[in-house]
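K.L.:
Mind folding the following:
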Amino acid sequence: MNRPDVVAIGDVHGCASLLEQELTPHFDSGAELIFLGDLIDRAPEPDGDRKVLERVWQLQENPGAYGLAAVTVLRGNHEQMLLKAMAPRAPDEDVELWLCNGANPDLLPLARERQAWFEQLPYTAIRGRYLFVHAGVRPDIRLEHQATDDLIWIRRPFLSRPHGLPYTVVHGHTFRHDFKVTRLPHRIGIDTGAYLSGVLTCLALNPDSE
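P.N.:
Below you'll find the model as predicted:
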């Protein structure tokens, strides 16, 4: 493969050491990094969420210093749960949902400082023939008509049949029991369960030449 145009990064979930290890080979590649969401929660190391966020912010604010073209971060369901938990007068069930999904409440002060960043996270990115999204899409529905909840939460029927869109969908959110990457003509799943498996997947792609 030629030097990649895009490197998609699966669900990090606070695995700061793994992230650093996997990022290093892509520095000075001229690629765009696209994080597929779920940077936070379930961190297997102390202060992992904060370390991951601060590293991603550092890269995003000055990608050229690392030989990158750009850094794009998509919204995952865990970022969405955090936003709901941070809302003024958030219902108890929204806070409890975030906490019971592996959240660290110590992250809240930092998250509130950067709330505007979380609020602007996009749900999708299109590069050439690839559609990047956290969870997937609902089959047989045009992209502009997709429900945002599906983009960050869906599993089936997306995982069980072709989606009908003119893209290969690159997604995270659901990992296999063997923690392997799923490669099908219509989708590539790159969540490899980093917080459980110790494997964080970065997928290098050439969207316009493959």
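K.L.:
okay, CA-based contacts and neighbour counts for the rest of this
P.N.:
Will do.
K.L.:
confidence score at the residue lying farthest from the centre of the chain?
P.N.:
Computed with Cα atoms, centre = their mean, the residue of the chain farthest from its C-alpha average is Arg89, at 27.4 Å. We have a pLDDT of 89 for Arg89.
K.L.:
With the one 3 residues further on instead?
P.N.:
The predicted local distance difference test score for Asp92 is 93.
K.L.:
pLDDT on stretch 165-179, on average?
P.N.:
For stretch 165-179, the per-residue pLDDT averages 98.
K.L.:
got it, and stretch 57-75?
P.N.:
pLDDT averaged over stretch 57-75 gives 98.
K.L.:
In it, which residues are buried?
P.N.:
Leu59, Gln60, Pro63, Tyr66, Leu68, Ala69, Ala70, Val71, Thr72, Val73, Leu74, Arg75 (16 or more other Cα atoms under 10 Å).
K.L.:
mind checking the SS state of the residue farthest from the centre of the chain?
P.N.:
Secondary structure state of Arg89, per DSSP: H, G, I helix; E, B strand; the rest coil, is coil.
K.L.:
now the one 4 residues further on
P.N.:
Under three-state DSSP, Glu93 falls in the helix class.
K.L.:
What are the phi and psi values at the residue farthest from the centre of the chain?
P.N.:
phi 50, psi 40 (degrees, to the nearest 10).
K.L.:
follow-up on the earlier one: among the buried residues of stretch 57-75, which two are most distant?
P.N.:
The largest separation in those, counting by Cα to Cα, is between Tyr66 and Arg75 at 23.1 Å.
K.L.:
which secondary structure elements does the lengthiest helix in the chain contact?
P.N.:
Using DSSP state H, we find that the single longest helix of the chain is helix 48-61. Under the contact criterion of 3 or more Cα pairs under 8 Å, 6 or more residues apart in numbering; DSSP states H and E, helix 48-61 touches helix 16-23, strand 70-73.
K.L.:
distance between it and the chain's centre?
P.N.:
Here the centre of helix 48-61 is set off from its chain's centre by 13 Å, with Cα atoms, centre = their mean, to the nearest Å.
K.L.:
Which residues does that helix contact?
P.N.:
Residues outside helix 48-61 that contact it (Cα atoms under 8 Å, 6 or more residues apart in numbering) are 12-16, 19, 39-41, 43, 66, 70-72, 107, 110.
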